[in-house]
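A.B. asks: predicted structure and sequence below. I'll ask about it afterward.
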Amino acid sequence: MRRTVHQILVKTFVGIGWAVMIDVKTSDALIN
């Protein structure tokens, strides 16, 4: 149970990190 919750939290955190990275790259491309 605890392991499953940990995996979900890690996947969510990684997903947010990827979304932020993509947002930064796209906004940089739009600005430039």
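C.D. replies: Yes, it's here. None of these values were measured; they are calculated from a predicted model.

A.B. asks: and the gap between residue 13 and residue 19?
C.D. replies: 11 Å (CB to CB, to the nearest Å). Every C-beta, even on glycine, is put in place using the N, C-alpha and C of the backbone.

A.B. asks: do a quick rundown of the helices in this structure.
C.D. replies: Assigned by DSSP state H, the helices in the chain fall at 2-31.

A.B. asks: just for it, where's the confidence low?
C.D. replies: 1 (pLDDT under 70).

A.B. asks: again, 50 this time
C.D. replies: Low-confidence segments of the chain, defined by pLDDT under 50, are absent; every residue clears the threshold.

A.B. asks: so for stretch 8-25, what gets flagged as buried?
C.D. replies: For stretch 8-25, burial by neighbour count (16 or more other CB atoms under 10 Å) applies to no residue.

A.B. asks: what sits up against it?
C.D. replies: For stretch 8-25, there are no external contacting residues (CB atoms under 8 Å, 6 or more residues apart in numbering).

A.B. asks: just give me how far that stretch sits from the chain centre.
C.D. replies: For stretch 8-25, the separation from the chain centroid amounts to 0 Å (computed by CA atoms, centre = their mean, to the nearest Å).
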